[in-house]
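Asker: Take this sequence and fold it.
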Amino acid sequence: MSPAPDMPIRDAATVLVLRRDDRGPSVLMGMRGAAAAFMPSKFVFPGGAVDPADAQVALARPLAPVCRQRLQQEDGVSPEAIAAAALRELAEETGLLIGQPD
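Answerer: Residues are numbered from 1 along each chain as shown. Model (predicted):
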């Protein structure tokens, strides 16, 4: 699926949540609603668009250098904003909170 010519591509982030137990590994996914405009009725990882407010979020600790390097973009969206968006979307969509609440 490609965006319409006049639709700008939006920065987005996602999180892969893995659990290992006696039964083996499992991956957390959700199913989008049938009425969703984007990817209806598809299984997806938690995630979504990077919001401007994500750039103001103070992370509990600095990103590891390798993570920061992989998330670095030329358009000015900081690696920290991308990480904050991923964590925010995870909390909004699943209730899982990684880090410390204010």
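
Asker: ok but Ala13 is inside a strand, no?
Answerer: Yes: assessed with DSSP: H, G, I helix; E, B strand; the rest coil, Ala13 lies in a strand.

Asker: What residues are bridge-paired with it?
Answerer: Going by DSSP bridges, Ala13 is paired in beta bridges with Gly48.

Asker: what sits against it?
Answerer: Neighbouring residues of Ala13 by CB atoms under 8 Å, 6 or more residues apart in numbering: Gly47, Gly48, Val50, Ile82, Ala83, Ala85, Ala86, Glu89. The C-beta positions use only the backbone N, C-alpha and C, and glycine is treated the same way.

Asker: which ones among these are found in strands?
Answerer: Mapping the contacts of Ala13 onto strands (DSSP state E) picks out Gly47, Gly48.

Asker: Please flag which of the contacts of Ala13 sit within helices.
Answerer: Using DSSP state H, Ile82, Ala83, Ala85, Ala86, Glu89 are the members of the contacts of Ala13 that sit in helices.

Asker: Sketch out the low-pLDDT regions of the protein for me.
Answerer: Applying pLDDT under 70 to the chain flags residues 1-4, 100-102.

Asker: Strands of that one, start to end?
Answerer: Using DSSP E, strands in the chain cover 12-14, 18-21, 24-27, 30-31, 43-44, 47-49.
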